[in-house]
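Trainee: here you go, sequence then predicted model.
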Amino acid sequence: MTTAFPKGFLWGGATAANQIEGAWNVDGKGPSTADMVTGGTFETPRHYTATLQANTYYPSHQASDFYHHWREDLKLLHEMGYNTYRMSIAWTRIFPNGDDEEPNQAGLDFYRQIFEQCRDYGIEPIVTISHYETPYHLTQKYHGWLDRRVIDFYVNYCKTIFLAYKDLVHYWLTFNEINILIMMGGYVGAGLPLKDGESMFGGEMTDATRQDCFQALHHQFLASAKAVQLAHRINPDNWVGCMIAGSLSYPLTPAPADVLLNQQEMAMNNWFCGDVQVRGAYPYFAKHYFDEHHIHLQTEPEDTAILKAGKVDFYSFSYYSSNARTADPAKAESAGNMTFGAKNPYLKYSEWGWSTDATGLRVYLNDVYGRYGVPVMVVENGLGARDELTAEGQINDDYRIAYLKEHIEAMHAAIDDGVDLIGYTPWGCIDLVSAGTGQMEKRYGFIYVNRNDQQQGDFKRIPKKSFYWYRQVIASNGANLNPDVTQS
């Protein structure tokens, strides 16, 4: 590739509060659902505990200690040339219980200094309002998003941060990967209760659990729509987007049964949530799905108008890999710890079961833009891998550079196709704990954090080879993807 991306393209990286901040109970912060989940591995699932257990590792409690390293971290992002940074606000730093009458001033002050530093560096924040950390009190008292009253608590939280950062933040995402409720149960995305000791993803989805998940999802749709309207009233310059877990899949074979199944899976896993948030109404295929699974949503007469009035301004999504679908049970197998389907024989897979499919990103971008016609952002993308620190203090992550290079080329091709792609924020730009496994050693970042899964290390930050490569990419606005860079 020799041509640059469009002028004004947003280049940056992405993190989440519960996976990077640490300081889980510092300066008035309350516990979130993320704080009650243990560490794990690809082979050993993370578990929820109803109360904190002694001698048990909870990754969010320290994470990468961004809470005490944010100045250093933002300086490094600035050195890379970022003009945007996607991060999330921890709801329980602002409202420790979620339903508090008054916000926690220390939490508001913490994020204000971050946003002010971003402004001084010329970095535009993209803020996720709720990223996998429902206030734990709301889970205990209200069964999380299953209770309609949580909508008002969320909207009050939104009003507080929209006003507090009115002149500092103009890009907002209402819920991270909101479609996760359809695929992986309700605890992670909506704080629905689990049994003590259960996997954080819950058990196998049944019609009963689907009922709860879709009811909670309906409440999140309403909350998102109200947040969009509120953000526009408070500051007309605000742009509010949805955030979808991009779940691209192909039929494993040309067999009609595989093609039909894949069409149905793509519709439910991707377009169901996208249609509600971008088009402002449930899609036509929702009725058949609800009837098939005996789902009966409790709604109010005003809900239809709320959804229609609260359509998002842009569509953002995560994309890591693709899957393959087959109606043949003998060929179906899990492809990764947060993915599903059969393995595609044309793709390579990581040790965590994730495929590498850059062409799939181009396919998905075209599908999304063709369906919705609104600006698009890729707000998560990256390769989780084990990084080795050499005796010279370097991390030569050429594998990460190769992965990102392919995906940036695919994005450029999608722009040439006509897609209005406006930004790219690769995931975990600073090493953080994995959402799926809770591991530090499954690393995504351009910046190495000296911490391991045995809770050893001083959190020292070390730029990787990919740091210098991405700096070159940004400086050239995507025109220079040469992987041969000097680490200085």
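Mentor: Alright, I've got the coordinates.
Trainee: tell me the secondary structure for the closest residue to D196 other than its chain neighbours?
Mentor: Once flanking residues are discounted, D196 sits nearest to A50: 4.2 Å by CB to CB, 6 or more residues apart in numbering. Bear in mind the C-beta positions are built from the backbone N, C-alpha and C, glycine included. Three-state assignment for A50 (DSSP: H, G, I helix; E, B strand; the rest coil): coil.
Trainee: wait, doesn't A50 sit right on M36?
Mentor: Yes - with contact defined as CB atoms under 8 Å, A50 reaches M36; the gap is 7.4 Å.
Trainee: neighbour-wise, which of these two wins?
Mentor: M36 (22 against 15; other CB atoms under 10 Å).
Trainee: look up how far T56 lies from that one.
Mentor: The gap separating M36 from T56 is 10 Å, by CB to CB, to the nearest Å.
Trainee: overlap in contacts, these two.
Mentor: Common neighbours of M36 and T56, counting by CB atoms under 8 Å, 6 or more residues apart in numbering, are T49.
Trainee: so where's the stretch 301-450 of the chain uncertain?
Mentor: For the stretch 301-450 of the chain, the stretches flagged by pLDDT under 70 are 333-340.
Trainee: please enumerate the strands of it.
Mentor: 314-318, 323-325, 348-349, 355-356, 376-380, 421-424, 447-449 (DSSP state E, counting those that start in this stretch).
Trainee: give me the angle between the fifth one and strand 314-318.
Mentor: Counting by axes from the mean of the first three to the mean of the last three CA atoms, to 10 degrees, strand 376-380 lies at 30 degrees to strand 314-318.
Trainee: out of the strands of the stretch 301-450 of the chain, which is closest to Q264?
Mentor: Proximity to Q264, assessed across the strands of the stretch 301-450 of the chain by CB to CB, is greatest for strand 323-325 (8.8 Å).
Trainee: list the contacts for A216?
Mentor: Applying CB under 8 Å, 6+ apart to A216 gives the contacts 144-146, 181, 186, 190, 192.
Trainee: I'd like the distance between it and N269.
Mentor: Going from A216 to N269 by CB to CB gives 17 Å.
Trainee: moving C-terminal from the helix or strand hosting M266, which element do we reach first?
Mentor: In the assignment (DSSP states H and E), M266 maps to helix 256-266. Remark: after helix 256-266, the chain's next helix or strand is helix 272-274, criterion DSSP H and E.
Trainee: pull the distance from that next one to the chain's centre.
Mentor: 16 Å (CA atoms, centre = their mean, to the nearest Å).
Trainee: again, but for stretch 407-414
Mentor: Offset of stretch 407-414 from its chain centre (CA atoms, centre = their mean): 20 Å.
Trainee: export that stretch as CSV, just CAs?
Mentor: What follows is stretch 407-414, C-alpha atoms only, in CSV (Å, rounded to 0.1, in the frame of the first residue of the first chain):
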residue,chain,number,x,y,z
HIS,A,407,-5.8,-5.8,9.0
ILE,A,408,-4.8,-2.2,8.2
GLU,A,409,-4.4,-3.2,4.6
ALA,A,410,-7.9,-4.7,4.7
MET,A,411,-9.3,-1.5,6.2
HIS,A,412,-7.8,0.5,3.4
ALA,A,413,-9.3,-1.8,0.8
ALA,A,414,-12.7,-1.4,2.5
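Trainee: hmm, who's touching that stretch?
Mentor: Residues from elsewhere that reach stretch 407-414 (CB under 8 Å, 6+ apart): 1, 3, 5, 319, 358-359, 361-362, 365-366, 369, 378, 381, 421, 424, 473, 478, 481.
Trainee: for the stretch 1-150 of the chain, just list every one of the strands.
Mentor: Secondary structure of the stretch 1-150 of the chain (DSSP E, counting those that start in this stretch): strands located at 10-11, 84-88, 124-128.
Trainee: need the winner for burial among those strands.
Mentor: Among the strands of the stretch 1-150 of the chain, the stretch with the highest mean neighbour count (mean count of other CB atoms under 10 Å) is strand 84-88, at a mean of 26.
Trainee: and the angle from that one to strand 124-128?
Mentor: Angle, strand 84-88 to strand 124-128, by the same axes, to 10 degrees: 20 degrees.
Trainee: strand 84-88 - contacts with which helices or strands?
Mentor: Judged by 3 or more CB pairs under 8 Å, 6 or more residues apart in numbering; DSSP states H and E, strand 84-88 is in contact with helix 17-20, strand 124-128.
Trainee: hmm, 10 Å instead?
Mentor: With contacts defined as 3 or more CB pairs under 10 Å, 6 or more residues apart in numbering; DSSP states H and E, the packing partners of strand 84-88 are strand 10-11, helix 17-20, helix 66-80, helix 105-121, strand 124-128, strand 171-173, strand 376-380, strand 421-424.
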